[in-house]
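1. I'll drop the sequence and a predicted model, then ask my questions.
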Amino acid sequence: MPMSRLTTVLRRIRQDAGLTQAALAQRLGQTQSYVSKYESGEQRLDLTEIEKICEAVDVSLRDFVDTYLAS
């Protein structure tokens with residue numbers, strides 16, 4: 001999975017949910033820098049983390065994958 005494509009989708013689903021990085025981080029019980037590192041590609045995501053982010057923005061994992069494949 002190319003990181004730039006993945007990070008673009010992560011940013012898009014967060015923004016579509018109307019959340020700032022700080023607001024998403026709060027939902028995840030993390031810091032804003034946690035979200036920033038994933039969106040910038042500085043930190044790699046695993047499937048468990050992607051699933052938690054999807055739950056936090058109310059997007060199914062299937063919809064996330066479909067968005068990724070369509071981008």
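-> Ah, there it is.
2. now Leu69, what's its secondary structure?
-> Using DSSP: H, G, I helix; E, B strand; the rest coil, the structure places Leu69 in helix.
3. so what's Leu19 up against?
-> For Leu19, the contact set (C-beta atoms under 8 Å, 6 or more residues apart in numbering) comprises 27, 57. Every C-beta, even on glycine, is put in place using the N, C-alpha and C of the backbone.
4. quick check, central residue of the chain?
-> Centroid check for the chain by C-alpha atoms, centre = their mean gives Leu10 as the closest residue, at 3.3 Å.
5. and it, what helix or strand is that in?
-> helix 3-16 (DSSP states H and E).
6. how about that helix as CSV, C-alpha atoms only?
-> Provided in CSV are the C-alpha atoms of helix 3-16 (Å, rounded to 0.1, in the frame of the first residue of the first chain):
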residue,chain,number,x,y,z
MET,A,3,1.9,5.5,2.0
SER,A,4,1.0,8.7,0.2
ARG,A,5,-2.2,7.2,-1.1
LEU,A,6,-3.0,5.7,2.3
THR,A,7,-2.3,9.0,4.2
THR,A,8,-4.5,10.9,1.7
VAL,A,9,-7.4,8.6,2.4
LEU,A,10,-6.9,8.9,6.1
ARG,A,11,-6.9,12.6,5.9
ARG,A,12,-10.0,12.6,3.7
ILE,A,13,-12.1,10.4,6.0
ARG,A,14,-11.1,12.5,9.0
GLN,A,15,-12.0,15.7,7.1
ASP,A,16,-15.2,14.2,5.7
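7. and the next helix or strand past that helix?
-> Going down the chain from helix 3-16, the next helix or strand is helix 21-28, by DSSP H and E.
8. for that next one, packing partners?
-> Applying 3 or more C-beta pairs under 8 Å, 6 or more residues apart in numbering; DSSP states H and E, one finds that helix 21-28 contacts helix 32-40, helix 47-56.
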